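Colleague: Next comes the sequence, and after it the predicted model I'd like to discuss.
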Amino acid sequence: MDPKTLSQHFQTHFNAKPEILVRAPGRVNLIGEHTDYNDGFVLPMAIDREVMIALRPREDETIRLYSLDLETESAFELSSLVREGDWIEYPKGIAYELLKAGFKLKGFDAIMTGDVPRGAGLSSSAAVELAIARAFSAVSGFEWNAPAMAKLAQKAENEWVGVNCGIMDQMASAACKEGFALFLDCRSLEIQHAPLPKGVSVVILDTSTRRGLVDSAYNERRSQCEEAASWFGVKALRDVSVEEFNKRSKDGLNALAAKRAKHIVTENARVLEAIEVMKAGNVKRLGELFNASHDSLRDDFEVTNDALNIMVDCAREQKGCYGARMTGAGFGGCAVALVNEANAAEFVNAVSKAYKQKSSMEAAVYVCKPSQGASLISE
Ligand code: GLA
């Protein structure tokens with residue numbers, strides 16, 4: 001939706017003009033899956049799908065939020081935050097963490113819309129969180145600090161919403177730069193903006209299968225990784241090299257933890273290689289790393305489903321495809337492919353057809369552009 005249309009909706013709903021417009025994007029992770037909570041490396045990029053909010057400050061401490069997509073309004077008081085277990089918990093969680101961190105917040109009326117598909121592995125919740133944080137910063141007049149807000153949003157999701165996610169999604173939605181992917185060291189939070197190689201399209205392949213994070217095997221994977229790290233005697237699997245893994249893992253680490261650790265250790269090495277080959281413009285190698293990442297997530301980390309594996313196979317068979325892999329937490333949702341720009345349109349059609357034939361499901365396949373992290377919109 002364009003900002004003007006959202007402003008008109010605000011006008012209709014609240015009978016006044018909005019004063020501020022903000023947005024925050026979803027993300028696709030190029031490579032580095034399940035490495036963030038192992039203090040490792042990730043390489044996501046913000047996509048041109050986002051959450052947008054139009055708002056108007058209030059004199060009191062009420063937050064009134066109308067969701068255009070859900071066609072429902074919810075409200076809460078900054079002075080008495082109570083959990084109700086609804087979509088409004090994401091905004092409320094941000095308010096809670098901001099207040100806890102000592103920010104002085106003002107109330108507002110707002111209308112929200114978005115086109116990041118929910119539960120697809122493209123971080124729709126991080127987009128809501130960062131858009132709300134950006135809104136609070138604009139209304140309450142405190143300076144926008146992208147990494148600090150990403151950490152705060154992650155805390156809100158961990159502690160208020162109760163999802164034990166890592167830092168990748170919030171950092172991508174907060175700190176990405178238009179035209180660039182974001183290399184992130186999840187231990188130091190050091191970032192590098194890495195340009196995408198020329199002549200390459202990033203294509204999102206939505207299997208249309210969904211799996212929630214809260215009840216998924218995500219937390220189980222986290223504890224298996226922690227078990228392996230403690231067996232190696234390190235703080236996190238980031239501290240185990242591929243060589244060390246190969247040398248020691250057969251000396252009594254239980255087989256399942258060893259499989260999980262193998263993915264993390266090799267995936268971290270793949271991200272470090274990916275950033276180098278990306279800078280060198282070596283798309284062919286980048287594609288090979290995508291493929292190896294998926295295979296490792298399928299065979300060792302075991303977080304793919306049939307739909308994701310079928311989709312990735314369909315993508316890899318097409319002309320101009322350098323590589324394809326699942327993206328996000330897994331168990332459903334989206335894959336991502338690196339495709340020669342000249343073949344992208346044809347690729348989109350061919351993959352959709354092939355996937356339907358093999359899975360009997362409809363896919364949503366689209367090229368996405370590396371976008372800017374959370375920002376103000378000037379109409
Ligand atoms: C989800 C989490 C992230 C990350 C990915 C897997 O998106 O929110 O923190 O762990 O899964 O890479």
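Modeller: It's in. Numbers count the residues shown, from 1 in each chain.
Colleague: ok, G199 - contacts?
Modeller: Neighbouring residues of G199 by C-beta atoms under 8 Å, 6 or more residues apart in numbering: 283, 340-342. For every residue, glycine as well, the C-beta is placed using N, CA and C.
Colleague: List phi and psi for it.
Modeller: Main-chain torsions, G199, degrees, to the nearest 10: phi 80, psi 10.
Colleague: same question, the one 3 residues further on
Modeller: Backbone dihedrals for V202, given as degrees, to the nearest 10, come out at phi -100, psi 120.
Colleague: now it: how far from A307?
Modeller: Counting by C-beta to C-beta, to the nearest Å, the gap from V202 to A307 is 20 Å.
Colleague: Ok, A274 next?
Modeller: From A274 to A307 the distance is 25 Å (C-beta to C-beta).
Colleague: low-confidence ranges in the stretch 101-250 of the chain?
Modeller: Along the stretch 101-250 of the chain, segments meeting pLDDT under 70 span 212-215.
Colleague: tell me which parts of it are close to the ligand?
Modeller: Counting by C-beta under 6 Å from any ligand atom, the stretch 101-250 of the chain comes close to the ligand at 165-166, 168-169.
Colleague: With neighbour count and distance to V139 as added columns, please give those residues in JSON lines.
Modeller: Output for those, formatted as JSON lines (neighbours: other C-beta atoms under 10 Å; distance: C-beta to C-beta, whole Å):
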{"residue": "C165", "neighbour count": "21", "distance to V139": "26"}
{"residue": "G166", "neighbour count": "22", "distance to V139": "29"}
{"residue": "M168", "neighbour count": "29", "distance to V139": "27"}
{"residue": "D169", "neighbour count": "30", "distance to V139": "24"}
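Colleague: Please flag which of these sit within helices.
Modeller: Members of those lying in helices (criterion: DSSP state H): 168-169.
Colleague: Check the gap between C314 and S371 for me.
Modeller: C314 sits 26 Å away from S371, going by C-beta to C-beta.
Colleague: What about the contacts of G199, which one has the most neighbours?
Modeller: V283 (20 neighbours; other C-beta atoms under 10 Å).
Colleague: Buried residues of stretch 53-60, list them for me.
Modeller: Buried residues in stretch 53-60, counted by 16 or more other C-beta atoms under 10 Å: 53-56.
Colleague: Output the contacting helices and strands for the one helix or strand N268 maps to.
Modeller: Secondary structure from DSSP states H and E places N268 in helix 255-279. The contact analysis (3 or more C-beta pairs under 8 Å, 6 or more residues apart in numbering; DSSP states H and E) places helix 255-279 against strand 20-31, strand 41-57, strand 180-185, strand 191-195, helix 218-232, helix 242-248, helix 283-299.
Colleague: cutoff 6 Å now
Modeller: Here helix 255-279 touches strand 41-57, helix 218-232, helix 242-248, helix 283-299, going by 3 or more C-beta pairs under 6 Å, 6 or more residues apart in numbering; DSSP states H and E.
Colleague: For these, state which one has the densest average packing.
Modeller: Per residue and on average, the most neighbours among the helices and strands packed on helix 255-279 fall to strand 41-57, with a mean of 25 (mean count of other C-beta atoms under 10 Å).
Colleague: Who are the packing partners of it?
Modeller: So strand 41-57, by 3+ C-beta pairs under 6 Å, 6+ apart, packs with helix 3-14, strand 20-31, strand 108-114, helix 124-140, helix 168-175, strand 180-185, helix 255-279.
Colleague: Sheet-wise, list the partners of that strand with their directions.
Modeller: The strands beside strand 41-57 in its sheet (DSSP bridges) come out as strand 20-31 (antiparallel), strand 108-114 (antiparallel), strand 180-185 (antiparallel).
Colleague: Out of the ones you listed, which is the most enclosed?
Modeller: The most buried one of these (mean count of other C-beta under 10 Å) is strand 20-31, showing a mean of 28.
Colleague: Let me see the residues that make contact with it.
Modeller: Strand 20-31 is contacted by residues 3, 43-44, 46-47, 49-55, 116, 122-124, 127, 130-131, 134-135, 138, 172-173, 181, 204, 271, 274, 293, 327, 336, 371, 374, 376-377 when judged by C-beta atoms under 6 Å, 6 or more residues apart in numbering.
Colleague: Then stretch 260-270?
Modeller: By C-beta under 6 Å, 6+ apart, stretch 260-270 touches 35, 38, 40-41, 224-225, 228, 237, 240, 242, 245, 289, 293, 296, 300-301.
Colleague: so which of those residues comes closest to the ligand?
Modeller: Using C-beta to the nearest ligand atom, T35 is the member of the contacts of stretch 260-270 that sits closest to the ligand, with 6.6 Å.
Colleague: Would you check how far apart the closest one and A156 are?
Modeller: Relative to A156, and taking C-beta to C-beta, T35 is found at 22 Å.
Colleague: got it, and F183?
Modeller: Noted for F183: a distance of 25 Å to A156, by C-beta to C-beta.
Colleague: Likewise for A127?
Modeller: From A127 to A156 the distance is 13 Å (C-beta to C-beta).
Colleague: Show me which of the two is the more surrounded one.
Modeller: A127 (30 against 27).
Colleague: what's the closest non-adjacent residue to that one?
Modeller: V51 (4.2 Å; C-beta to C-beta, 6 or more residues apart in numbering).
Colleague: Tell me which residues touch that neighbour, please.
Modeller: 24, 114, 127-128, 131.
Colleague: returning to what we had before: who has more neighbours out of A274 and A307?
Modeller: Neighbour count, other C-beta under 10 Å: between A274 and A307, A274 has more, with 25 against 22.
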